[in-house]
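A.B. asks: Pasted the sequence and its predicted model underneath.
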Amino acid sequence: MPRLFTGLEIPPDLAMDLAMMRGGIYGARWIDVENYHITLRFIGDIDDATARDVHASLEQIRRKPFTVEIETLSSFGGDKPRAIVAKAKPATPLVELQAQQERLLRRMGIPPEPRKFTPHVTLARLRAASSMAVADYLSTRGFFFSRRFEAQRFVLFSSRASTGGGPYVIEAAYPLG
């Protein structure tokens with residue numbers, strides 16, 4: 001049974017810039033650079049027949065390429081931080097692509113995504129990191145300036161059941177434009 005999600009790949013030059021943000025926080029499990037991505041829609045564990053239907057549905061999406069802007073470093077989890085992330089600007093084309101995938105998957109009977117879409121690249125997953133340590137980490141990396149890339153396609157990723165972080169495999173790619 002595959003575990004699937006859709007996303008945008010991060011170009012190698014931007015991935016290397018983000019990799020320079022690694023280190024300096026206790027309790028961080030840094031994501032491998034080759035696994036950086038922006039998740040559009042987590043699908044979950046599904047059977048092979050449903051996976052084929054998902055693929056056929058995603059092939060119908062027609063959108064133009066668009067610019068993605070990585071704006072800032074941040075964290076998720078508030079007082080109990082659980083991830084260091086690079087947030088992407090929720091520009092209209094990005095949000096509309098995600099919303100279209102959400103609608104298509106719901107029509108197929110896949111349960112709705114319960115979390116609000118917040119486009120980001122996860123850089124590290126945190127265990128036992130204090131909110132003060134995360135705040136210190138983020139303040140010392142205030143020099144991070146926004147980066148942009150052109151999204152030319154989105155992909156269907158598979159992953160093994162784990163606590164996240166890869167390895168991820170591209171099962172299919174869907175060109176934009």
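C.D. replies: Received the coordinates, thanks. Numbering: from 1, shown residues only.

A.B. asks: and after the helix or strand of the chain with the lowest mean pLDDT, which helix or strand comes next?
C.D. replies: Using mean pLDDT, DSSP states H and E, the weakest-scoring helix or strand in the chain turns out to be helix 131-140, at a mean of 93. Sequence-wise, the next helix or strand downstream of helix 131-140 (DSSP states H and E) is strand 147-151.

A.B. asks: Go through that next one and flag the buried ones.
C.D. replies: Arg147, Phe149, Ala151 (16 or more other C-beta atoms under 10 Å). To be clear about C-beta, it is placed using only N, CA and C from the backbone, and glycine gets the same treatment.

A.B. asks: partners of the lengthiest strand in the chain in the sheet?
C.D. replies: In the chain, taking DSSP state E as the definition, the longest strand is strand 66-76. Its sheet considered, strand 66-76 pairs with strand 83-88 (antiparallel), strand 147-151 (antiparallel) by DSSP bridges.

A.B. asks: Make JSON lines from those strands and add distance to Phe117 and mean pLDDT to it.
C.D. replies: Formatted as JSON lines, the strands paired with strand 66-76 follow (distance: least, C-beta to C-beta, whole Å; pLDDT from 0 to 100):
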{"stretch": "strand 83-88", "distance to Phe117": "10", "mean pLDDT": "96"}
{"stretch": "strand 147-151", "distance to Phe117": "15", "mean pLDDT": "96"}
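
A.B. asks: Make CSV out of the ones you listed and add distance to Gln60.
C.D. replies: Formatted as CSV, those follow (distance: least, C-beta to C-beta, whole Å):
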stretch, distance to Gln60
strand 83-88, 25
strand 147-151, 18
